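Novice: give the three-dimensional model of this entry:
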Amino acid sequence: MTSNDDILRALGRVEGRLTGIEENVALLRQEMSDEKANAHDGRAVIHKRLDEQARQISHLDTRVAISGGADAQIRAEIGTLKETIEKNQETVGPALEEWKRMKTIGYGISGLIAFAGLTTGGIVAYASDGAVAALRHWLKIS
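Specialist: Residues are numbered from 1 along each chain as shown. You can find the predicted model right below:
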């Protein structure tokens, strides 16, 4: 038979092992808790990044929509301006043609005046010798 001492020793060994197992379980729980906290922090960072990406995409969509609306307005405004310019050209076109015609006539008149001046100058130069001789004879200058 076994004695009380053997039983108590066996119970001490079982109790020691249980204490070791409890410590190991506590360590495992602590490690699992740390890993769980780290995983939670990692997921929080990922969710924060996803939220930021969603916000940026939404902002980009808004910008694209605004740009599209602005482009449509600009195109409409350009079309209106083009029509106005064409109407103005039709209205002003005859006056511009008349101005060009008057300018051409002015150049012709200027040319005629210059030609007449040159002709008169040439005649005066050619006739000056005879005029000087006639003037000296009239004034009786030798």
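
Novice: where in this protein is pLDDT low?
Specialist: Low-confidence segments of the chain (pLDDT under 70): 1, 142.

Novice: can you give me the strands in it?
Specialist: Taking DSSP state E, the chain contains no strands at all.

Novice: residue contacts, the residue sitting nearest the centre point of the chain?
Specialist: By C-alpha atoms, centre = their mean, the chain has its centre lying nearest to residue 67, at 11.5 Å. For residue 67, no contacting residues are found, by C-beta atoms under 8 Å, 6 or more residues apart in numbering. To be clear about C-beta, it is placed using only N, CA and C from the backbone, and glycine gets the same treatment.

Novice: quick one: it and residue 59, what's the gap?
Specialist: 12 Å (C-beta to C-beta, to the nearest Å).

Novice: do residue 73 as well
Specialist: Shown here: residue 73 relative to residue 59, a distance of 21 Å by C-beta to C-beta.

Novice: next: residue 27.
Specialist: From residue 27 over to residue 59 (counting by C-beta to C-beta), the distance is 48 Å.

Novice: and if you look at residue 36?
Specialist: Distance from residue 36 to residue 59, by C-beta to C-beta: 35 Å.

Novice: could you do residue 34 as well?
Specialist: 37 Å.
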